[in-house]
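>>> Build me a model from this:
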Amino acid sequence: MKGVVVEKGKNDGKCYKCGLLRHRAFECTSKEDKCGKCGKLGHKDDECKKPIVCYNCKEEGHKSNVCKKPKATRGKVFALSGDAGEADNLIR
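Predicted coordinates for the structure are as follows:
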């Protein structure tokens, strides 16, 4: 990307302005903004023509913090190693 200086190892974070790694938005020299809604360069969230989509129900027109539908459940995966029968903190 033109105009962006990225110093290796300086910062492992991601810039919210241009989307590149190893620098932060206040350090960004990009002249273009990256939209947080659609991910495209050249405009900000408040200028985006793409409708708002709820992360919970995937419907347009509202955000998840005001969604009237039940929160989507997320599964959890646990990786176990060793003999579970000998664990001191085993919940039975």
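
>>> From residue 47, how far off is the spatially most central residue of the chain?
By Cα atoms, centre = their mean, the mean C-alpha position of the chain lies nearest to residue 36, the distance being 9.2 Å. According to Cβ to Cβ, to the nearest Å, residue 36 stands 11 Å off from residue 47. Placement of C-beta: from N, CA and C, glycine included.

>>> And residue 73, by the same measure?
35 Å.

>>> Which one's more surrounded, those two?
With neighbours defined as other Cβ atoms under 10 Å, residue 73 and residue 47 compare such that residue 47 has more, 10 against 6.

>>> wait, what's in contact with the more buried one?
residue 35 (Cβ atoms under 8 Å, 6 or more residues apart in numbering).

>>> mind redoing it with 10 Å?
33, 35, 37 (Cβ atoms under 10 Å, 6 or more residues apart in numbering).

>>> Wait, residue 45 touches residue 63, no?
No. With contact taken as Cβ atoms under 10 Å, residue 45 and residue 63 are classed as non-touching, separated by 11.6 Å.

>>> what is in contact with these two at once?
Joint contacts of residue 45 and residue 63 (Cβ under 10 Å, 6+ apart) are residue 52.

>>> coming back round to it: could you pull up the residues touching the closest residue to the residue nearest to the centre of the chain other than its chain neighbours?
Nearest residue to residue 36, sequence neighbours excluded (Cβ to Cβ, 6 or more residues apart in numbering): residue 45, at 4.5 Å. Applying Cβ under 10 Å, 6+ apart, we find residue 45 in contact with 33, 34, 35, 36, 37, 38, 52.

>>> Just the buried residues of the residues you listed.
Neighbour counting with 16 or more other Cβ atoms under 10 Å marks 33, 34, 35, 37 as buried within these.

>>> Thanks again, I'm all set now.
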